[in-house]
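Peer 1: here you go, sequence then predicted model.
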Amino acid sequence: MLTLKPNKGFVYVATNHKRYITCARYSAISLKEYWPESHITLFTHEEWVNKSDKSIFDNIITNDVPNHVRAKLWALDKTPYDLTCYIDVDTEVMHDDVRFIFDQHDTNSNISLTKARRYAASIDPKFSEGELTDHCGLFIYDNKPETFLFMQKWWELYQKQYNREWNWDTTLYPEFFRTFDMWTYWWLQNKTEYKIKRSFFPEPDARWNFVYIYKQEELMGQPIVIKHTPVPTIL
């Protein structure tokens, strides 16, 4: 019998510290609980993989996965799916509406995201030329060539940013953006030829990526589908 490759799926990336693969397992188990038929790919390190992981993840990729704080950017263009939901590992699926998450993607866009809430940001996202408005902890993207090129440039530029090989005018753009991939994303979308078409999830978008400090009114009476609770770096 011919088995067709799933054309939609989720991608988790767990590198840099073993706490992240623990989180990825927990999140993926919660996803399978509410949507057993969902397809999940994990990018991680071979030495971190347990036998039980094959019962959680449908696809595990370990070849050449970099041990880097933003290895997720390296993995994005290597998705096996036509339509991918990248999801941070520090998340929990809480409602069976997760089955409808791919319906939140605007097919006229290359990437669909949720909005970052300024009041919930760990940094001031506003600066002289704009604001970091797109939450890069969960998003849906297609597999078009321009999308994959954007993802490749996102990884390449972030490495230069992180390693201080790329410096910018700090009178316009704060230096404290340096560790944030949202900043790299903003630059590529607003200052380069690699810009791709972007859309936001329909409201209430917060229910699909509900950061634990968001206000309940952001849900507009709807249940949380995915809760996002960042992992403390001290663990």
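Peer 2: Yep, that arrived.

Peer 1: beta partners for L83?
Peer 2: K8, D142 (DSSP bridges).

Peer 1: which residues sit in contact with it?
Peer 2: By Cβ atoms under 8 Å, 6 or more residues apart in numbering, L83 lies in contact with 7-8, 102, 105, 140-143. (Each C-beta comes from the backbone N, C-alpha and C, glycine too.)

Peer 1: please enumerate the strands of this structure.
Peer 2: 8-13, 40-43, 59-61, 83-87, 91-93, 111-115, 126-127, 130-131, 134-142, 198-200, 210-211, 226-228 (DSSP state E).

Peer 1: T179 is nearest to which of those strands?
Peer 2: strand 134-142 (12.7 Å; Cβ to Cβ).

Peer 1: what angle separates the closest one from strand 8-13?
Peer 2: 130 degrees (axes from the mean of the first three to the mean of the last three Cα atoms, to 10 degrees).

Peer 1: I'd say W154 and W187 touch.
Peer 2: No. Contact criterion Cβ atoms under 8 Å: W154 and W187 do not qualify, at 9.5 Å.

Peer 1: more neighbours: those two, which one.
Peer 2: W154 (24 against 20; other Cβ atoms under 10 Å).

Peer 1: quick check: the more buried one vs W74, distance?
Peer 2: For W154, the distance to W74 (Cβ to Cβ, to the nearest Å) stands at 9 Å.

Peer 1: hmm, back to that, okay, the contacts of L83 in a markdown table with distance to Y20, neighbour count and pLDDT next?
Peer 2: Output for the contacts of L83, formatted as a markdown table (distance: Cβ to Cβ, whole Å; neighbours: other Cβ atoms under 10 Å; pLDDT from 0 to 100):
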| residue | distance to Y20 | neighbour count | pLDDT |
| --- | --- | --- | --- |
| N7 | 27 | 13 | 96 |
| K8 | 24 | 15 | 98 |
| F102 | 24 | 18 | 98 |
| H105 | 26 | 22 | 98 |
| I140 | 21 | 25 | 98 |
| Y141 | 21 | 26 | 98 |
| D142 | 26 | 20 | 98 |
| N143 | 25 | 16 | 98 |
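
Peer 1: before we move on, back to that, would a markdown table of the strands of the chain with distance to D181 be doable?
Peer 2: As requested, the strands of the chain are exported to a markdown table (distance: least, Cβ to Cβ, whole Å):
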| stretch | distance to D181 |
| --- | --- |
| strand 8-13 | 12 |
| strand 40-43 | 16 |
| strand 59-61 | 20 |
| strand 83-87 | 11 |
| strand 91-93 | 16 |
| strand 111-115 | 12 |
| strand 126-127 | 16 |
| strand 130-131 | 16 |
| strand 134-142 | 6 |
| strand 198-200 | 15 |
| strand 210-211 | 16 |
| strand 226-228 | 15 |
